[in-house]
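Engineer: this one's sequence-less:
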């Protein structure tokens, strides 16, 4: 059986912000996962797999009571599991932070660097909202909660990578994953600029023990994700979410419903055949697995521009893996 790397649970597609690069495409902004569907999912997970649960949305803090119930259910059924909450941080309160700390929940905040870079793509991040995000990050860190942002970099933002990384580092976060924007219109110049700047950040992190994270470049065992959408559809990787609904619907492997889970055997077995072939290479990383999944969907998506940008995006990811191996994936950075 394949292992389950991440179990992403998108409990709502509602959000106060409108990020232009959100990989959750085709949002209705009115769908919520039910508690019965969440319990159904937990009951069918493979036993013994070391899975990291990611509670996300939309904005999951819009459904705080649901988050609390889901966390308690996960901890009861899988007490050794790790849980990450992805949030824009705007609704985080002292009471919520105390709950997260008590249950050892990590936070992945929605922030890409300084106010200009963050607001440019996270629509609705006003100056007041930005100050609140930074305030809540610092407060969570003081309470002992692990906080690690994913710094998403767009083609037009590559020249600001060092500045934005330095700012996020100054907040005191435990680690930062610097990632090129998925399905963005990367051209040769912006791809080269990203790679050059990433190499510079990796060299600095190696020399100064900074917090650049190489976790998505490490080899991954044969497996996939479980990505649960608010309507109950389950996908095998997060990248499938970024495609138009007509394409995304071709890749669901389960549907959670009132009458039980409907298993899409033909799709799942087809995906596993692809994944078994991929993982014959024992150095496949999580980024490479995700890019491979996206390429499967690309075959059904005929628009030329995203495909050209995607090829350069994959070139960036290959370079990032080599840079991580050179500078960061050493015994000193093993954690």
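Structural biologist: Yes, it's here. What you see is a predicted model; the values in this text were computed from it and never measured.
Engineer: show me which residues of stretch 13-25 are buried.
Structural biologist: Applying a neighbour-count criterion of 16 or more other CB atoms under 10 Å, one finds 13, 14, 15, 17, 19, 22, 23, 24 buried in stretch 13-25. Where you see a C-beta, it was placed from the backbone N, CA and C, and this is true even at glycine.
Engineer: got it, and stretch 129-140?
Structural biologist: Buried-residue list, stretch 129-140, by 16+ other CB under 10 Å: 129, 130, 132, 133, 134, 136, 137, 139, 140.
Engineer: same check on stretch 113-124?
Structural biologist: For stretch 113-124, by 16+ other CB under 10 Å, it's 113, 115, 117, 118, 119, 120, 121, 122.
Engineer: quick one on the thing from earlier: show me the buried residues of stretch 129-140 that map onto strands.
Structural biologist: Among these, no member is found in strands (DSSP state E).
Engineer: average pLDDT across stretch 73-93?
Structural biologist: In this model, stretch 73-93 has a mean pLDDT of 94.
Engineer: which parts of that stretch are buried?
Structural biologist: 73-75, 78, 81, 83-90, 92.
Engineer: so which of these sit within helices?
Structural biologist: Mapping the buried residues of stretch 73-93 onto helices (DSSP state H) picks out 73, 74, 75.
Engineer: low-confidence ranges in the chain?
Structural biologist: The model of the chain has pLDDT under 70 over residues 48-49, 303-306, 331-335.
Engineer: longest strand of it?
Structural biologist: Per DSSP E, the chain has its longest strand at strand 3-10.
Engineer: contacts for that one, please.
Structural biologist: For strand 3-10, contacts defined as CB atoms under 8 Å, 6 or more residues apart in numbering pick out 24, 33, 38, 41, 45-46, 49-58, 70, 220-230, 238, 286, 289.
Engineer: quick revisit: could you redo the buried residues of stretch 113-124 as TSV and give each row distance to residue 2?
Structural biologist: Below are the buried residues of stretch 113-124 laid out as TSV (distance: CB to CB, whole Å):
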residue	distance to residue 2
113	36
115	42
117	37
118	36
119	40
120	38
121	34
122	34
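Engineer: what is the nearest of these to residue 205?
Structural biologist: The closest of those to residue 205 turns out to be residue 113 (CB to CB; 16.0 Å).
Engineer: nearest to residue 329 among the buried residues of stretch 13-25?
Structural biologist: Once CB to CB is applied, the member of the buried residues of stretch 13-25 that ends up nearest residue 329 is residue 23, at 25.7 Å.
Engineer: give me the number of residues near the closest residue to the closest one other than its chain neighbours?
Structural biologist: In space, residue 23 comes closest to residue 242 once its chain neighbours are excluded; the distance is 4.2 Å by CB to CB, 6 or more residues apart in numbering. Around residue 242 there are 19 other residues, counting by other CB atoms under 10 Å.
Engineer: I'd say residue 242 and residue 294 touch.
Structural biologist: Yes. Counting by CB atoms under 8 Å, residue 294 is a contact partner of residue 242 at 7.4 Å.
Engineer: give the residues shared as contacts by these two.
Structural biologist: Contacts common to residue 242 and residue 294, judged by CB under 8 Å, 6+ apart, are residue 182.
Engineer: Three-state assignment for residue 276, please.
Structural biologist: helix (DSSP: H, G, I helix; E, B strand; the rest coil).
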